[in-house]
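Asker: After the sequence you'll find the predicted model.
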Amino acid sequence: MEELIKLVSQRAGISEGQAKAAIETVVGFLKDKLPAPIASQIDGLLSSKSPGDLAQGLGGLLGRK
């Protein structure tokens, strides 16, 4: 998740603390709105090694390759 925080911070031009808060807000929203089997996999995706892995994992959850 640290790489994702840095990426959001850099691209949005905000501090890492602000980026972390934004990511946590979005993750919480997704967990509340997604079906339980998918929502339960979000934490595993966030522990991936790179933002690219995260994007690929999210695509897989949403039925994309």
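Answerer: Looks like it arrived, so ask away.

Asker: List phi and psi for Gly44.
Answerer: In terms of degrees, to the nearest 10, the main-chain angles of Gly44 are phi -60, psi -40.

Asker: Sorry, slip of the keys, the one I care about is Ser15.
Answerer: phi -70, psi 160.

Asker: again with the one 10 residues further on
Answerer: Here the main-chain torsion angles of Thr25 (degrees, to the nearest 10) amount to phi -70, psi -50.

Asker: Can you pull up the most central residue in this structure?
Answerer: Central residue of the chain (CA atoms, centre = their mean): Leu46, 5.4 Å from the mean position.

Asker: State the distance from it to Gly13.
Answerer: 22 Å (CB to CB, to the nearest Å). From N, CA and C alone the C-beta is placed, and that goes for glycine too.

Asker: ok, now Pro37?
Answerer: Counting by CB to CB - Pro37 and Gly13 are separated by 36 Å.

Asker: quick revisit: do I have it right that the residue nearest to the centre of the chain meets Ile5?
Answerer: No: in this structure, Leu46 is not within contact of Ile5 by CB atoms under 8 Å, at 10.2 Å.

Asker: Okay, now the unreliable bits of the protein?
Answerer: 48-65 (pLDDT under 70).

Asker: now the strands for it?
Answerer: Counting by DSSP state E, the chain has no strands to list.

Asker: all helices for it, in order.
Answerer: Taking DSSP state H as the criterion, the chain carries its helices at 2-12, 16-33, 36-39, 42-46, 51-61.

Asker: Now do stretch 12-25: everything it contacts.
Answerer: By CB atoms under 8 Å, 6 or more residues apart in numbering, the residues outside stretch 12-25 that reach it are 1, 4-6, 8-9.

Asker: what do you get if the cut-off is 6 Å, keeping everything else the same?
Answerer: For stretch 12-25, contacts defined as CB atoms under 6 Å, 6 or more residues apart in numbering pick out 5, 8-9.
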